[in-house]
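Novice: Quick one, what's the 3D model for this:
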Amino acid sequence: MDSNVEFLGKDVLENVIQNIIGSKVMVKNVVKVTFPLGESYNGEVVRLKIRFCAMDSLEERQLSIVAKYLPDDEFLIKFAEEMKSFSREMLMYEKTLPQMYSFGCLETIAPKAYLISNNPRPTLLLEDLSTTNFQLLPRRKGFDFVHCLYALDKLASFHATSVSLFEKDSSSMNHYDQALYSDVYGMRGLLAAGLQELIQTCNRLPELTMYSAKLQLLQKDFLNSVIAATQVSSTFNVLNHGDLWNSNIMFSHHTNGEISGIRFLDYQGLHFTSPATDLHFCITVAANSEAKLRSDALLRHYFKNLIHYLLSLKVKITLPTWDDFIGDFRSRICYGIAAAILHLPVARADKRSDSSITNFLNSEGEDGFRYHALNNDRYLQEIKILLPMYDEFFLSKL
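Specialist: Next comes the predicted model:
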């Protein structure tokens, strides 16, 4: 086995497979398949192709599982510790998600978890959805309007179910108290680097120069403005996925191309607060240009379905009105700006050997990863749609 995953010994894998198929097995061989560069930024994610046979059989079988673990990277280890990323995801799989499923409203939304362990390092072994006809769509293209509608319907169900869980057990959300964009190790530098790069991009492009001076006004206190946009609402809160972008959403399709299912991946950014943060992030990062131009329709679709699911769950809270909902969304637009300067560039960047959080922070010059991320054609096409919206509801008021 590859030395990077040797901590997953054969005995561990044999126990996992035994729990899956219900009989003792012997592992014959394990091959590690690395995911494409630029698809994972918060830890190491690999596919393990395991050849094994049952103890009472000579027939060799194969199982593919996904291993997610914290690598020996000083930046990522400290970042993960302060973000509580692995501990949040482990709690989600171990306790919160089963509770949410029990209410009967939320259908299967995540891959099955086969192993949840902190020894010797934070590790999850998960179902390989690619073997069950689920697939990631090309992240550089973004989701079209139809796929966004489907994802937001599932998100509405997820959010509504979390409201019901919170009503039954308010302590269930205690661990999900930190937003993706928080004052943790490295975040201030990442946001500052992304904002400065966008300002330079605006200075270079005549059609965007009008936004440069306004964006410069954000620089002094940008992280604090973003953190303010993550604060718990006084009226309506949900469990936000927190990191809902193209590489964390898988779809399955019928033979005619219609969507048949969806799964959300990577529950390291879970945060109990206003649903506006998930919506800003998803529309900013996951949606393509066409869908971004129809963001009002996407928000109305989400809101209609959210109310439907809340009613079906018979929650006791006062339901939000559309005016309250859209007002809250617009008041948190700085969260969308953060996503537009940090995660949207990463989502639309090419698959490069230098694609990493560390290189986004530290690279300099036109050959660097950060320059490419905020100056590639797809990113520029989408930021030209987003900046006028940010200007209307936020930048013009600075």
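
Novice: Residue 175 versus residue 250, what's the distance?
Specialist: To residue 175, residue 250 is 25 Å away according to CB to CB, to the nearest Å. For every residue, glycine as well, the C-beta is placed using N, CA and C.

Novice: These two: which has the busier surroundings?
Specialist: Neighbours per residue (other CB atoms under 10 Å) separate residue 250 from residue 175, with residue 250 holding more: 20 against 17.

Novice: In three-state terms, label that one for me.
Specialist: strand (DSSP: H, G, I helix; E, B strand; the rest coil).

Novice: do the same with the one 10 residues further on
Specialist: Per three-state DSSP, the local secondary structure of residue 260 is strand.

Novice: That one contacts residue 253, correct?
Specialist: Yes: contact criterion CB atoms under 8 Å: residue 260 and residue 253 qualify, at 5.8 Å.

Novice: Which residue, neighbours along the chain excluded, lies closest to residue 195?
Specialist: Closest residue in space to residue 195, ignoring its immediate chain neighbours: residue 341 at 5.3 Å, by CB to CB, 6 or more residues apart in numbering.

Novice: wait, what's in contact with that neighbour?
Specialist: Taking CB atoms under 8 Å, 6 or more residues apart in numbering, we find residue 341 in contact with 191, 194-195, 197-198, 374.

Novice: Out of those residues, the closest to residue 232 would be?
Specialist: residue 191 (21.0 Å; CB to CB).

Novice: That closest one: what secondary structure?
Specialist: Per three-state DSSP, residue 191 ends up helix.

Novice: what residues are up against residue 146?
Specialist: Each residue near residue 146 by CB under 8 Å, 6+ apart is listed here: residue 259.

Novice: 10 Å instead, please
Specialist: Contacts for residue 146 (CB atoms under 10 Å, 6 or more residues apart in numbering) come out as 257-259, 291.

Novice: cool, residue 74 as well?
Specialist: residue 358.

Novice: Ok, residue 300 next?
Specialist: So residue 300 contacts 294, 322, 325-326 (CB under 10 Å, 6+ apart).

Novice: Okay, helices next: where are they in the stretch 1-150 of the chain?
Specialist: For the stretch 1-150 of the chain, the helices defined by DSSP state H, counting those that start in this stretch occupy 10-21, 74-83, 85-91, 97-101, 145-168.

Novice: Next: the stretch 251-398 of the chain.
Specialist: Going by DSSP H, counting those that start in this stretch, the stretch 251-398 of the chain shows helices at 276-281, 289-292, 295-312, 322-331, 333-348, 357-362, 369-373, 377-393.

Novice: Select, out of these, the one closest to residue 202.
Specialist: Closest approach to residue 202 among those is made by helix 377-393 (8.0 Å; CB to CB).

Novice: For the closest one, buried residues please.
Specialist: 378-379, 382-383, 385-387, 389-391 (16 or more other CB atoms under 10 Å).

Novice: what does stretch 354-371 give?
Specialist: For stretch 354-371, burial by neighbour count (16+ other CB under 10 Å) applies to 354-361, 363, 369-371.

Novice: for these, which one is nearest residue 96?
Specialist: For those, the minimum distance to residue 96 (CB to CB) is 26.2 Å, reached by residue 357.

Novice: pretty sure that closest one is touching residue 76, no?
Specialist: Yes: using CB atoms under 10 Å, residue 357 makes contact with residue 76 at a distance of 7.5 Å.

Novice: tell me which helix or strand of this protein sits lowest on mean pLDDT?
Specialist: Across the helices and strands of the chain, mean pLDDT, DSSP states H and E gives its lowest value to helix 74-83, namely a mean of 76.

Novice: Dump the contacts of residue 146 to a markdown table, plus neighbour count.
Specialist: Listed next are these as a markdown table, based on neighbours: other CB atoms under 10 Å:
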| residue | neighbour count |
| --- | --- |
| 257 | 8 |
| 258 | 9 |
| 259 | 14 |
| 291 | 22 |
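
Novice: mind putting these in JSON lines, distance to residue 284 included?
Specialist: Formatted as JSON lines, the contacts of residue 146 follow (distance: CB to CB, whole Å):
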{"residue": "257", "distance to residue 284": "26"}
{"residue": "258", "distance to residue 284": "26"}
{"residue": "259", "distance to residue 284": "22"}
{"residue": "291", "distance to residue 284": "11"}
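
Novice: which one of those residues is nearest residue 229?
Specialist: Nearest member of these to residue 229, counting by CB to CB, is residue 291, at 21.9 Å.

Novice: How about the contacts made by that closest one?
Specialist: By CB under 10 Å, 6+ apart, the contact set of residue 291 is 142-149, 283, 297-298, 382, 385.

Novice: Can you tell me which of those are buried?
Specialist: 142-143, 145, 147-149, 283, 298, 382, 385.

Novice: Who does residue 34 form a beta bridge with?
Specialist: Here residue 34 sits in beta bridges with residue 46, going by DSSP bridges.

Novice: So for it, what pLDDT did the model give?
Specialist: In this model, residue 34 is scored at 80, pLDDT.

Novice: burial measure for it, as a count.
Specialist: Residues near residue 34, counting by other CB under 10 Å, number 13.

Novice: Using the three-state scheme, assign the residue nearest to the spatial centre of the chain.
Specialist: With distances taken as CA atoms, centre = their mean, residue 243 lies nearest the centre of the chain, 2.3 Å away. Classification of residue 243 by three-state DSSP places it in coil.

Novice: That one and residue 346 touch, don't they?
Specialist: No: if you go by CB under 10 Å, residue 243 and residue 346 don't touch, sitting 11.4 Å apart.
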